[in-house]
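Undergrad: build the 3D model from these lines:
(chains A, B and C)
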Amino acid sequence: MGIRFGGDYNPEQWPEEVWAQDLELMTAAHVTMVTAGIFSWAKVEPRPGEWDFGWFDRVLDGLAGAGIEVCLATMTASPPPWLSRAHPEILPEGPDGQRRWPGARQHFCPSSPVFRAHAVRLVEQLATRYADHPALAMWHVGNEYGCHTRQCFCEVSAQDFRRWLRERYGTVAALNDAWSTSFWSQAYGDFAEVLPPRTAPTFANPAQQLDYLRFGDQALKDCYLAERAVLDRLTPGVPVTTNLMPQHKPVDAFGWAPSMDVVALDFYQDPYVPDDHVRAGYVFDLMRSARGGQPWLLLEQAAGAVNWRPRNGPKPPGAMRLWSWQAVAQGADAVLFFQWRQSRGGAEKFHSAMLPHGGTDTRIFREVCELGRELAAVPGIEGTRSRASVALLADWQSWWALELDSRPSAALDHSHSALAHYRPLFEAGVACDVVPPDRDLSPYPMVVVPNLYLLTADHAARLAAYVRGGGHLVVSFFSGIVDACDRVHPGGYPGPLRELLGLRVAEFWPLAEGASVAVGGEGAHGGRADLWTEEIVPAGAEVVARFLDGELAGRPAVTRHDYGRGTAWYLGTRLEPALLRALLDDVRAAAGVAPVLPGLPAGVQATVREGAGGRYVFLLNHGCRAVEVPLPEPLRDALAPRAAAVTRVELAARGVAVLTGPGPEGGGGAAG
Amino acid sequence: MGIRFGGDYNPEQWPEEVWAQDLELMTAAHVTMVTAGIFSWAKVEPRPGEWDFGWFDRVLDGLAGAGIEVCLATMTASPPPWLSRAHPEILPEGPDGQRRWPGARQHFCPSSPVFRAHAVRLVEQLATRYADHPALAMWHVGNEYGCHTRQCFCEVSAQDFRRWLRERYGTVAALNDAWSTSFWSQAYGDFAEVLPPRTAPTFANPAQQLDYLRFGDQALKDCYLAERAVLDRLTPGVPVTTNLMPQHKPVDAFGWAPSMDVVALDFYQDPYVPDDHVRAGYVFDLMRSARGGQPWLLLEQAAGAVNWRPRNGPKPPGAMRLWSWQAVAQGADAVLFFQWRQSRGGAEKFHSAMLPHGGTDTRIFREVCELGRELAAVPGIEGTRSRASVALLADWQSWWALELDSRPSAALDHSHSALAHYRPLFEAGVACDVVPPDRDLSPYPMVVVPNLYLLTADHAARLAAYVRGGGHLVVSFFSGIVDACDRVHPGGYPGPLRELLGLRVAEFWPLAEGASVAVGGEGAHGGRADLWTEEIVPAGAEVVARFLDGELAGRPAVTRHDYGRGTAWYLGTRLEPALLRALLDDVRAAAGVAPVLPGLPAGVQATVREGAGGRYVFLLNHGCRAVEVPLPEPLRDALAPRAAAVTRVELAARGVAVLTGPGPEGGGGAAG
Amino acid sequence: MGIRFGGDYNPEQWPEEVWAQDLELMTAAHVTMVTAGIFSWAKVEPRPGEWDFGWFDRVLDGLAGAGIEVCLATMTASPPPWLSRAHPEILPEGPDGQRRWPGARQHFCPSSPVFRAHAVRLVEQLATRYADHPALAMWHVGNEYGCHTRQCFCEVSAQDFRRWLRERYGTVAALNDAWSTSFWSQAYGDFAEVLPPRTAPTFANPAQQLDYLRFGDQALKDCYLAERAVLDRLTPGVPVTTNLMPQHKPVDAFGWAPSMDVVALDFYQDPYVPDDHVRAGYVFDLMRSARGGQPWLLLEQAAGAVNWRPRNGPKPPGAMRLWSWQAVAQGADAVLFFQWRQSRGGAEKFHSAMLPHGGTDTRIFREVCELGRELAAVPGIEGTRSRASVALLADWQSWWALELDSRPSAALDHSHSALAHYRPLFEAGVACDVVPPDRDLSPYPMVVVPNLYLLTADHAARLAAYVRGGGHLVVSFFSGIVDACDRVHPGGYPGPLRELLGLRVAEFWPLAEGASVAVGGEGAHGGRADLWTEEIVPAGAEVVARFLDGELAGRPAVTRHDYGRGTAWYLGTRLEPALLRALLDDVRAAAGVAPVLPGLPAGVQATVREGAGGRYVFLLNHGCRAVEVPLPEPLRDALAPRAAAVTRVELAARGVAVLTGPGPEGGGGAAG
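TA: The predicted structure is shown next:
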């Protein structure tokens, strides 16, 4: 099949006579897959238990006739008005006790048994009806779980939370211990006394908040799993997915991935954010790592502007192509858009679509058709994989804990930190996986750990074993501070990492807003650092750089500790980007980690995918000027298959090259 | 009678012995009209159905005795405590479901039948009692409708909304079509399922929001009309008004004006906002246009500082006089203040009044007396009218729709845009009407349309007919995009204006915050533009100016299209003020639109009113320096009637001249 | 006993085997007093009426055995989960009607009879059980009253408010008069109609808001008094206190002090706020003045960083010692910390403690031990007192009123103003008391009144009498404007101060944000002023400085009026700090007020305490450089008792000297 190409298809927004034109234009645009039915619940079940599938049969038949695969939605993302009218208790409530009302979408309490029962009933209808439909290629469960309703705090949720706590802790004594309820007189005598962390007079119990984030993730996943169970039963062979969101705090992508047959992502680069493609890079690498390198699906992106930012910049010429190929270059096997035809009404009518308000005589539609043509030209990419030599650790548990109240500094931010540590690797052209702390790290010569505040003793032991075995580990400040219950590890900071890092941290010195300090010293890279400093007391580690001014002048800022057959670096402050880049370059040198291609011009991203379909080198010029890229070996242009192999490639601004050449075993894996 | 002069009179705040002094000082200040009873409900009906009018009889008798007219309030603006205690369901609720409690004012749900019944009962009492009172000159219904409680979202309102929707749409199918409910699975099976657009998980349905704004305006108007119906029945000859507010989003002044016998305005210039008199100019022109040029009443302004801004600057010497005369110059037949005597207690005790805390030996009281004297000196102004050669279009429907969520740019702002397009006309000294899009435009050589996002096909057709007939039309970007249901007009932007403008807009390119582009080109005025750009594809129009940099460099920014006997200009971006001024000057030249007076110094406003009472030329120096103004003909100083006619006038800083001279038929209409 | 030293002790957070180590380390740290049991309610009453005091007996026995006094908490600061589950009506509600839920602390409505009954029952248990325990030295009632739940707006509170109003006003007519309810139709027919000032459509009645602030303070005090009544009955000899908070708006420290046997304070200097020790100075002086000079207790401070600011800076070396001695120098007889041992879990685990996460081998623990040793070395300080020659007036009534809505400028801020007027006196090294307006002022040669907006005629008369008797009074703008009901004093501003100041204020001219004016004139100090100006009309006062630009150019800015045997200065604007300092220096010269020590280097604070225990001179170097301080007489170093007397002292950066020498009768009061 090749890389899937297409988008969300919402035919109920249009009179039936438009559908034939849709099929014609989809064919012209080389569309191979659409996601259908995301918001069709109210139309297929206009009244409780009254089903109207005839129109949808015609939609699917048409698509099958045109040879277009369907990623079929379970239609449960937005309950119809009659459901919340009959059962207002399905409406979610905020921590302030305020109900969220119908009128938009996702207005359901994830713990609601009423909602789940109606959703399951609908999925049963769908799966029964379309199990054998020729268009059915994949299931799309729900939609963007937790996008708007991240957590619910209603009484139904409270009951479900108590059940979850009972299962997790068994006894109320264990709960009291886990939540440190001896502080502020919070000891529970009975699970029935426990509440969600609703608005309180001041800072709530952080362990309670942390568990509520875990529970919230689980409640959403339980919705997904309830629908998936129906599909597993009624359409056992059909792969199941749902569209995850990038760096989306309420949903632990690593936790969900095992219950998805293929992971999928919605991603919207912001044309007005400089270098937003680096964020894309991080998220795409995480997505590819979520199921151990298995290709993933870009289920939604925009053909042009979106409508939900304060100011929605369009994608300039070439940007949509460039960023689509970036997804493929980083492991995507599908490039889909929200949505096929731009809506006339409703809340997203100013969200661009493959077919704009202006119709076919528009830049956007022309670029869409051209991209479809290109993707169809290199079907061999599908299924190929990449190899990375650096792993960056990410962990939702730690993210949740880090951003709770009353930390030493409220300015610590998981997403910012993850990106800050990813950027120098991306810019150095190094292939990177983004993995959770329970992943096997031994294949990676180098591992980076950015501010993993919550780190269990077990995960810390894995890091120590990794270094003992010869690994090169970089750990950033405020890592390894608390256990799974947000309790400080005993024995001084950073509890379970002290031996590995060869030091202890006596006191945190977060910096005031706007403050910075000088870092450097003999033989060290010098520069500024901000946000955080701390009093490091070495116990075996050698000092790589010191603070040069401020209250901690002369004390260690960066250390290095040879441990077993490997080495562990520690950063006690937030280095400015150039300084962090220099430090990571040094670590890379020690670890023997090279970029994907040597001699890449600045702004050019290079990746390799290889497998049964061949070996593909992707060159993506994110810069605004044309550049020439030298190749280490002769490669052929996969988008112009008849051209001869070359050893240098000219890339226009926002230009893309897909090259193919010698495969893993040295043989040339030709496209197709 | 001449121009009415006076203010709100709230005698219940003072012991009865003060009232005699009030009458004495009012006479000294040349007060001719007061608005009485605005907040007297609790005092005239201290307990349900128990009436105490004796004290108010004495107030009115006293005023009548002093020859002071009364604009009699219906007293319904602030229900007494007993009413909300007995009927808490009259309290309004926000979109978050939170009740707004008593303790301030305007704490009633506009849809509440309980509130309306009590209000009507009170008005019946008042109208019956004072129908023949000699002081009664006019009715003042309610007060500042929608000032604080703009919309209510309670269950009573929800029911009223459903009734309103049933009347508007007839069937639920029509409602679903109008609201594009196929998007996000929002299709209704029954009107009973519909709710106000309360707080939802994300962006609500925009058509639902738009209709709720319409309904909210109607609910307020229904309160007004219910009271007016009583007055029409019991005091048929007495004119009825209410005090509208400037650029007040919840109340469509154009929609209310037909049911008011005379329109009236509250306006508070901010002494700390530079050029706030231009905003005054806009609002005064709109008010004058609301009933087709009929004079209007300035029902409230401040004698000095207000109390409700974060920092309340006083009016420097001369400012109160200048801004009062500005209202008269732009068509006011009354200059009234909030309030006569400054309160000792309550929420507005630091709001200035005609008689300040400091008493009569204060600058404010002296300036008040002097202004009263001046106004009394030129009674002939009353009833005279002005003629404008430019019409600026304004439309509450479009305002409401423009500022809903999820537009291409959240930075589009109706009030800002209206003022931005008005300012260059004001500064050029051109007489301007501000009219709704259904007004007859043929009398105007030039029409300006600022960002009329919502424009029905019918209104677009009127614009086309206007140009075909020889008109000169300027249309700003993001006009003509949606129909009355906030659905994008089909066929590409700007749907129904494409033929008239000779172009289509392929894609919107709103700019990032702080970004700007250069605009200009051969023979064109050059400068910067910001906020918005777009890809214009001419189809008949000629290019007046182009974008000079950015992604759209070289493409049209401003166009001009000869259409029928007229011409239509189009602005595809927000030009900086000087550039917009230059462009509008060019259009004016083409349209033959001249300023009211030639050779006006910068900062001087000139207007003309004429009619049975004579012809008056007003010169207002908004600048901080004295200037000399040449006159095109000899005119006499109406404030110094015995002086000889002059051909130049010296205006001090903040100076005012009221001149009189040859009337419409060439005869000199002497004052009085 | 000497200065008490210790901290909050929360043994329930730790297994019992840790307690023995606690006692050992407390002894090593010279701890003499701990506050125990603040958050022990849930542990001593795990189920309603079921008491478990055994563990707490062992805690107290251990402390007694170690010779450590206990300030015993009544444990009522945080009700256990079972209480709010059984009685959800004890949960407080905000002005928006939203409940504040359990999960943090202080989740009780202060007016709740249910809460109070349970609290009293607990206190009875505690007092009965520990009345004769040898460790019991003092009672600590509740904790930080009003810290999080400042006011409650629930129906229970509403009823209590009505009772309070009935007691205050007697009749509803008196209430209507006091609240100026004639404005906005708010007249009440019955107390039952009155509500708390919940969220209203716009500005609420300010007198209602002001009374609700008074009522809120009283409701909290009633909780305190209900517990205190039990203690007075069961442990009559034991002193009772509670920990007040600095500049804490909801609790009137002057109003509470008479019902406390000793006043106590929690104070957390912010290491990242420059000169935060000046704020400490103000608050410490207020605390000392609250009971007429009686020593007070510093019940909580941090050993290092706190955890509840956005960015929590640690205390650099020496800062904790310096700021602890500052408290003692300004009258504290105790230096206690929150808390003894840093928590592993819960909301404050990152709040520093005397014994940090890192254990005894930490800078913090070493500094704690050293401070304990020092304090123990000078026991004679306990009970000594200071004398001040300047009084600064502070008044919660005026604070509450000043910061209500709809004032001439919302930028007026009591705390900022109090500190602005205190700073120049602190920097000049002058001893200062901070007292309420009903205090006898005759002992002070100089009195400063910063923006006492609310000033009763009676208090104004006291100020006049003070000046007539020879006092030197400085009054800042916007003082004496309203009476106790927030009604403007009649007769022009500033009503009851006009005769004393020899002027009237015709009009307020608050300045726009960012605006400033020049102030100066012949012979006057010159500089800038901002925030506020006003039109002053002298009536006897002479002009000290004038506005030099702006609309008020040439008019008086600062005046001086000889009145009786004294003089009254008036500031009609906010002078920049240097200018205010110069003006207050002039007043000091006129009043003959000298600094505590002559020739103090900048940044050095000097105070004197004397009494039966001797005479102590404290020198505190708040600067970052070492300085030498000349002494007016030979003094001995109290921290090195064997050293000889000196006439100059070297102070390191953040250095402290405690000197002792000739006592009040001239004799040398040796330490101990």
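Undergrad: chain C contacts on the stretch 551-672 of chain A?
TA: Taking C-beta under 8 Å from any C-beta of the partner chain as the contact definition, the stretch 551-672 of chain A meets chain C at A:Glu551. Glycine gets a C-beta too; all of them are placed from N, C-alpha and C.
Undergrad: residue ranges with poor pLDDT in the stretch 551-672 of chain A?
TA: In the prediction, the stretch 551-672 of chain A carries residues with pLDDT under 70 at positions A:663-672.
Undergrad: contact partners for the residue in it that chain B sits nearest to?
TA: With C-beta to the nearest C-beta as the measure, the residue in the stretch 551-672 of chain A that lies nearest chain B is A:Cys624; the distance is 10.9 Å. By C-beta atoms under 8 Å, 6 or more residues apart in numbering or on different chains, the contact list for A:Cys624 reads A:653-654.
Undergrad: name the SS class of it, please.
TA: coil (DSSP: H, G, I helix; E, B strand; the rest coil).
Undergrad: skipping its backbone neighbours, what lies nearest A:Gln13 in space?
TA: Residue nearest to A:Gln13 in three dimensions, not counting chain neighbours: B:Ser182, with 4.7 Å by C-beta to C-beta, 6 or more residues apart in numbering or on different chains.
Undergrad: actually A:Ala653, not the one I wrote
TA: Closest to A:Ala653 by C-beta to C-beta, 6+ apart is A:Cys624, at 5.0 Å.
Undergrad: quick one: low-confidence ranges for the stretch 151-300 of chain A?
TA: Applying pLDDT under 70 to the stretch 151-300 of chain A flags no residue at all.
Undergrad: so which residues on it come close to chain B?
TA: A:Tyr272.
Undergrad: please enumerate the helices of the stretch 151-300 of chain A.
TA: For the stretch 151-300 of chain A, the helices identified by DSSP state H, counting those that start in this stretch occupy A:155-169, A:172-178, A:206-234, A:253-256, A:276-290, in order along the chain.
Undergrad: near the nearest residue to A:Val114 once chain neighbours are set aside, how many other residues are there?
TA: In space, not counting the residues next to it along the chain, A:Val114 is nearest to A:His87; the distance is 4.7 Å by C-beta to C-beta, 6+ apart. Look at A:His87: counted by other C-beta atoms under 10 Å in any protein chain shown, it has 16 neighbours.
Undergrad: contact partners for A:His87?
TA: Neighbouring residues of A:His87 by C-beta under 8 Å, 6+ apart: A:112, A:114-115.
Undergrad: try A:Arg198
TA: A:Arg198 makes contact with A:95-97, A:153, C:99, C:101, C:103 under the criterion C-beta under 8 Å, 6+ apart.
Undergrad: neighbour count and secondary structure added to the residues you listed, as TSV?
TA: Converted to TSV, those look like this (neighbours: other C-beta atoms under 10 Å in any protein chain shown; DSSP: H, G, I helix; E, B strand; the rest coil):
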residue	neighbour count	secondary structure
A:Pro95	19	coil
A:Asp96	16	coil
A:Gly97	16	coil
A:Phe153	23	coil
C:Arg99	19	strand
C:Trp101	23	coil
C:Gly103	27	coil
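Undergrad: distance of the spatially closest residue to A:Glu499 that is not a sequence neighbour relative to A:Val390?
TA: In space, not counting the residues next to it along the chain, A:Glu499 is nearest to A:Ala464; the distance is 7.1 Å by C-beta to C-beta, 6+ apart. As for A:Ala464, its distance to A:Val390 is 19 Å (criterion: C-beta to C-beta, to the nearest Å).
Undergrad: looking at those two, which is more packed in?
TA: When neighbours are counted by other C-beta under 10 Å, A:Ala464 and A:Val390 differ, and A:Val390 comes out ahead with 25 against 21.
Undergrad: show me what that one is bridged to.
TA: Per DSSP bridges, residues listed as beta-bridge partners of A:Val390: A:Cys432, A:Met446.
Undergrad: thinking it is in contact with A:Pro595, fair?
TA: No: at 10.6 Å, A:Val390 does not count as touching A:Pro595 under the criterion of C-beta atoms under 8 Å.
Undergrad: next, show the common contact partners of those two.
TA: Contact criterion C-beta under 8 Å, 6+ apart; residues shared by A:Val390 and A:Pro595: A:Val430.
Undergrad: which SSE is A:Phe39 in?
TA: With the criterion set as DSSP states H and E, no secondary-structure element contains A:Phe39; it sits in neither a helix nor a strand.
Undergrad: and if you look at A:Ala376?
TA: According to DSSP H and E, A:Ala376 maps onto helix A:363-377.
Undergrad: so what secondary structure elements neighbour that helix?
TA: Helices and strands in packing contact with helix A:363-377 are listed as strand A:4-9, helix A:319-329, strand A:332-337, strand B:503-510; criterion 3 or more C-beta pairs under 8 Å, 6 or more residues apart in numbering or on different chains; DSSP states H and E.
Undergrad: mind running it again at 10 Å?
TA: Using 3 or more C-beta pairs under 10 Å, 6 or more residues apart in numbering or on different chains; DSSP states H and E as the contact criterion, the elements in contact with helix A:363-377 are strand A:4-9, helix A:16-28, helix A:319-329, strand A:332-337, strand A:656-660, strand B:503-510.
Undergrad: using CSV, lay out these together with mean neighbour count.
TA: Output for these, formatted as CSV (neighbours: other C-beta atoms under 10 Å in any protein chain shown):
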stretch, mean neighbour count
strand A:4-9, 26
helix A:16-28, 15
helix A:319-329, 24
strand A:332-337, 27
strand A:656-660, 24
strand B:503-510, 24
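Undergrad: related to what we said a few turns ago, mind checking how far the residue nearest to A:Val114 is from A:Ala219?
TA: As defined by C-beta to C-beta, A:His87 lies at a distance of 17 Å from A:Ala219.
Undergrad: repeat that for A:Met33.
TA: For A:Met33, the distance to A:Ala219 (C-beta to C-beta) stands at 30 Å.
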